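Q: Next input, structure requested:
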Amino acid sequence: MAVTAGWRAGNASSTSVRRLHRRDVAVLLPLASAALWALPARAASVLRVLSWPGYADPDIVAAFEKRHGVKVEITTVASDEVLRAQVANREGPAFDLVAANTAEIARFAARRLLTPLPLGNIPNTQRQLPRFRSLQSIAGITQGTDVYGMPYTYSEMGLIYDRQAFSAPPQSIAVLWDPRWRGRVLMFDGSSHGFSLAAMYRGLPPFHIDANKFSPLAKDLVALRRNVRAFYSLPEESLELFRKHRIAVMHANYGQQQLKQMRDAGLDVGYVVPREGALAWLDCWAVTRRSTQVELAAAWINHMLDPAVSRELTRRQGLANTLDEPPALSADAPAGSIVWLEPVEDEARRAQLWQRILSGDRPARF
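A: Numbers count the residues shown, from 1 in each chain. This next block holds a predicted model:
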């Protein structure tokens, strides 16, 4: 989300963190004040939520605040690295909730950073599609009988392409390396996804790269760098770069969210899942172990799974929700399989090599 989503569901070197509740105080203040007026005897509780852009718009937050007589503080991130740092940070107030993909949920749960969800306090789970109600079948969000993540939204990371530049939709991720598009490729700035993409390009497992394969994959990414006009972190950034530089093809880390943004902006773009498949993220809501408001946090998750709220996420952001089957994309039917994110074999090594690739190291140095 991707994310995006997530958004995002992906990782990046960006350290963008912003607080929507401050920026949108003019929108939130009337409803928040009304909620506080009903509770003059005590200060409102503050529910602190760590999320991705677009997951909790001001009016959605305001409705929850009014219903529960609380304040909600939203902090957004643009990368998984920043998300991890925020969750692990022991300075300042603790976050009560975090929105993260299944791989991150598994990592947080293993490090005892999350608390099991009180499923009985989240009745809207009964509205979810059967595949999302089968929680034990979703890798990364359960340990034994405990559930640590509640599915909220998802998307695959396909290719967005300029219809005017292609006579037919691209079928393979090899298009990103095609010299015809030198200077007209846009890529997400993320070490984990970057190496996973290179592995899929070579027909290798994307999350478990053998030690002796890192050098050739790094060289592949150096070759890809030569084609790339720019690396982006946020979906809004990718839209501006795509438009400004006449980008031909982009690896869409935020998937259909970016597709909707670009089409809403009037760009004539298509979207495909290449034949090698596409990485895909499933973002979930989780309650942190440091939270002292587990019941209120569960109420937040239930609120976000309300049909009106989930469907607004799809309408506004173009992201799939867990209540409805996503509509098919006319003339853009996916061709490849969906590869759900998993923890990778060596995050530190990927990140270190990625920084060298971005900084301009020559192939011979890998």
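Q: ok now stretch 255-267, how far from the chain's centre?
A: 16 Å (Cα atoms, centre = their mean, to the nearest Å).
Q: Pull the contacting residues for the residue nearest to Leu135 when sequence neighbours are not counted.
A: Nearest non-adjacent residue to Leu135, counting by Cβ to Cβ, 6 or more residues apart in numbering: Val147, 5.2 Å away. Placement of C-beta: from N, CA and C, glycine included. Val147 sits next to Pro116, Leu117, Leu119, Leu135, Ile141 when contact means Cβ atoms under 8 Å, 6 or more residues apart in numbering.
Q: which residues does the closest residue to the first one other than its chain neighbours bridge with?
A: Once its chain neighbours are removed from consideration, Pro116 has its nearest residue in Asp146; the separation is 4.0 Å (Cβ to Cβ, 6+ apart). Each beta-bridge partner of Asp146 is listed here, defined by DSSP bridges: Gln143.
Q: Isn't Asp146 up against Leu114?
A: No - at 9.2 Å, Asp146 does not count as touching Leu114 under the criterion of Cβ atoms under 8 Å.
Q: When those two are compared, which one has more neighbours?
A: The residue with more neighbours, out of Asp146 and Leu114, is Leu114; 27 against 13, by other Cβ atoms under 10 Å.
Q: need the contact list for that one.
A: Ile105, Phe108, Tyr148, Gly149, Ala286, Val287, Thr288, Arg289.
Q: got it, and Ala248?
A: Contacts of Ala248 (Cβ under 8 Å, 6+ apart): Tyr161, Asp162, Ala165, Phe166, Trp181, Arg184, Val185.
Q: How many neighbouring residues does the third one have?
A: It stands for Ala165. Counted with other Cβ under 10 Å, Ala165 comes out at 16.
Q: Surely it is within a strand?
A: No - if the criterion is DSSP: H, G, I helix; E, B strand; the rest coil, then Ala165 is coil and not within a strand.
Q: Could you tell me the model confidence score at the spatially closest residue to it that is not a sequence neighbour?
A: Leaving aside its sequence neighbours, Ala165 sits nearest to Ala248 (Cβ to Cβ, 6+ apart; 4.2 Å). The score at Ala248 is 98. That number is its pLDDT.
Q: residue ranges for the strands of the stretch 201-350 of the chain, please.
A: 228-232, 249-251, 269-272, 278-288, 320-321, 338-340 (DSSP state E, counting those that start in this stretch).
Q: Can you give the distance of the first one from its chain's centre?
A: Read it as strand 228-232. Centre-to-centre, strand 228-232 and its host chain are 19 Å apart (Cα atoms, centre = their mean).
Q: Please name every helix or strand in contact with it.
A: For strand 228-232, the packing partners by 3 or more Cβ pairs under 8 Å, 6 or more residues apart in numbering; DSSP states H and E come out as strand 185-188, helix 235-244.
Q: ok, that strand: who's next to it in the sheet?
A: For strand 228-232, pairing defined by DSSP bridges yields strand 185-188 (parallel).
Q: residues in contact with the strand it pairs with?
A: Residues contacting strand 185-188 (Cβ under 8 Å, 6+ apart): 10, 12, 157, 176, 194, 224, 227-233, 238, 241-242, 245, 247-253.
Q: pLDDT averaged over that strand - what is it?
A: On average, strand 185-188 scores 98.
Q: and what of stretch 210-225?
A: pLDDT averaged over stretch 210-225 gives 97.
Q: Next, count neighbours for the closest residue to Ile357 other than its chain neighbours.
A: Of all residues not flanking Ile357 in the chain, Leu221 sits nearest, at 5.0 Å (Cβ to Cβ, 6+ apart). Using other Cβ under 10 Å, Leu221 is surrounded by 25 other residues.
Q: Next one: Leu221 from Arg229, what distance?
A: Relative to Arg229, Leu221 is positioned 16 Å away (Cβ to Cβ, to the nearest Å).
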